[in-house]
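Q: fold the stuff below for me.
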Amino acid sequence: MNVKDLAYSFACLSFAVVIGAAVYEHLAVVPQWSAAPPASLSMFQGQYGLNAGAFWQLIHPITLLLFITALILSWKTERRKSMLITLSGYFIILIITAIYFVPELLAITGTAFSETVDAALTKRAQLWELLSQIRLVVLVVLSQVLFLGLTKAAAKGSTNQINPKVRVAPPQQVGV
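A: Sure, this is the predicted structure:
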């Protein structure tokens, strides 16, 4: 495996980690806190409250760095298009996340705990969840574009076989 393949593989892996974490949050965390805020926000309260931001603030820069490294190394290859599409989409999603998703999430989850349910806050949480699910679907589509780039040649003019030195004979026809 060459450096280009390794860099591209790590970019794919890191992007998959982002998506995996987002899927986990949408299955296990978001339904809990968005169910009936502010009564359902206790997981974010107190000294031992959930701090998912620690993960997201680490994984996004690492993923961007891996993307940029892989893009630079793969610039003169057929993989460039897949990388540019995915990186552009991911960057736009990160901007939207910084402008809307993070501030809205912090505003909702930062609401003081109360035993009562606030209908307006619940509606905001449900809108956030719906829009975040749409964002996740876009990330999954982008990941497909990225992973399809693995089928492209890692070097200009080369084939993309696992071991290009091995030649495979065409199948023999068997008479009946």
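Q: the longest helix seen in the chain - contacts with which helices or strands?
A: The residue-count maximum for a helix in the chain (DSSP state H) belongs to helix 119-148. Contact analysis of helix 119-148 by 3 or more Cβ pairs under 8 Å, 6 or more residues apart in numbering; DSSP states H and E lists helix 3-24, helix 30-33, helix 80-96, helix 102-109 as its packing neighbours. (Each C-beta comes from the backbone N, C-alpha and C, glycine too.)
Q: repeat the analysis, applying 6 Å as the threshold.
A: Helix 119-148 is packed against helix 3-24, helix 80-96, helix 102-109, with contacts defined by 3 or more Cβ pairs under 6 Å, 6 or more residues apart in numbering; DSSP states H and E.
Q: so which of the ones you listed is nearest Leu146?
A: helix 80-96 (4.2 Å; Cβ to Cβ).
Q: what is the mean pLDDT for that closest one?
A: Mean pLDDT, helix 80-96: 97.
Q: distance between it and the chain's centre?
A: 11 Å (Cα atoms, centre = their mean, to the nearest Å).
Q: same deal with stretch 128-145?
A: That offset, for stretch 128-145, works out to 8 Å (Cα atoms, centre = their mean).
Q: tell me which residues of that stretch are tucked away?
A: Neighbour-count burial for stretch 128-145 flags Trp128, Ser132, Arg135, Leu136, Leu139, Leu142, Ser143 (criterion: 16 or more other Cβ atoms under 10 Å).
Q: now render those as TSV, adding distance to Leu64 and pLDDT.
A: Converted to TSV, those look like this (distance: Cβ to Cβ, whole Å; pLDDT from 0 to 100):
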residue	distance to Leu64	pLDDT
Trp128	24	97
Ser132	20	98
Arg135	17	98
Leu136	18	98
Leu139	14	98
Leu142	13	98
Ser143	15	97
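Q: what comes into contact with stretch 52-61?
A: Val18 (Cβ atoms under 6 Å, 6 or more residues apart in numbering).
Q: let's test this: mean pLDDT of that stretch, rounded?
A: 96.
Q: and for stretch 10-19?
A: Stretch 10-19 comes out at a mean pLDDT of 98.
Q: how about that stretch: buried residues?
A: Buried residues in stretch 10-19 (16+ other Cβ under 10 Å): Phe10, Ala11, Cys12, Ser14, Phe15, Val18.
Q: ditto for stretch 67-83
A: Quick answer for stretch 67-83 (16+ other Cβ under 10 Å): Phe67, Thr69, Ala70, Leu71, Leu73, Ser74, Thr77, Glu78, Arg79, Arg80, Ser82, Met83.
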